[in-house]
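J.: Sequence and predicted model, in that order:
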Amino acid sequence: MDFRELQAQHKAEQRKVTEEKIVVGSLFRTVLTSEDGLKFKDGRTQKPKRMIIVGVDKVNKVCFGTVLVNTKLSPAARFSPLYFATQYCLKQESYPEFLDYDSYVDCGILFPISYDKLKSGEYFGTLLNEDLTAIFDILETTDMIPTSEKKRFGIRRR
């Protein structure tokens, strides 16, 4: 095995999803479908998505609350100040392995993603503390997410 093959093998091991890596602030990429709550307008049935763990469903103990990371700001953000306020920009320079461009965290909707779905994806580390704090400030104060959903995933005002 040459050096490049060893590097590739090491990177694959680092990106493997284990239970210890599924914590608040973890960065993942996995394939999501309409069954996971995505809406497709172009006829697709699935799409690889980047996501951030923001909470655990304490009732089911198998689902994790995530927010999705999008390359572009949603067009809906241009027309709704409430929706625009739920968008948070992550800088590519802070997460070069995870992001190809500056991207937007959509804090206006939570997605419950199963452990099995996360295990089929890739792990990319954790958010910087200042980004995690800013995202939780949005999640805790937005009126777009019902209080019951916030409680389900352990998101509460500080």
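T.: Great, that's in hand. Numbering: from 1, shown residues only.
J.: Ser148 sits in which helix or strand?
T.: helix 147-152 (DSSP states H and E).
J.: Name the residues of stretch 9-21 that are buried.
T.: Neighbour-count burial for stretch 9-21, counted by 16 or more other CB atoms under 10 Å, picks out Arg15, Val17, Lys21. Backbone N, C-alpha and C define where each C-beta goes, glycine included.
J.: Stretch 40-52 too?
T.: Buried, per 16+ other CB under 10 Å, within stretch 40-52: Lys49, Arg50, Met51, Ile52.
J.: now stretch 116-126
T.: Applying 16+ other CB under 10 Å to stretch 116-126 flags Lys117, Leu118, Gly121, Glu122, Tyr123, Phe124, Thr126 as buried.
J.: Next, work out how far apart the residue lying closest to Ser74 once chain neighbours are set aside and Tyr115 are.
T.: In space, Ser74 comes closest to Asp106 once its chain neighbours are excluded; the distance is 6.7 Å by CB to CB, 6 or more residues apart in numbering. For Asp106, the distance to Tyr115 (CB to CB, to the nearest Å) stands at 22 Å.
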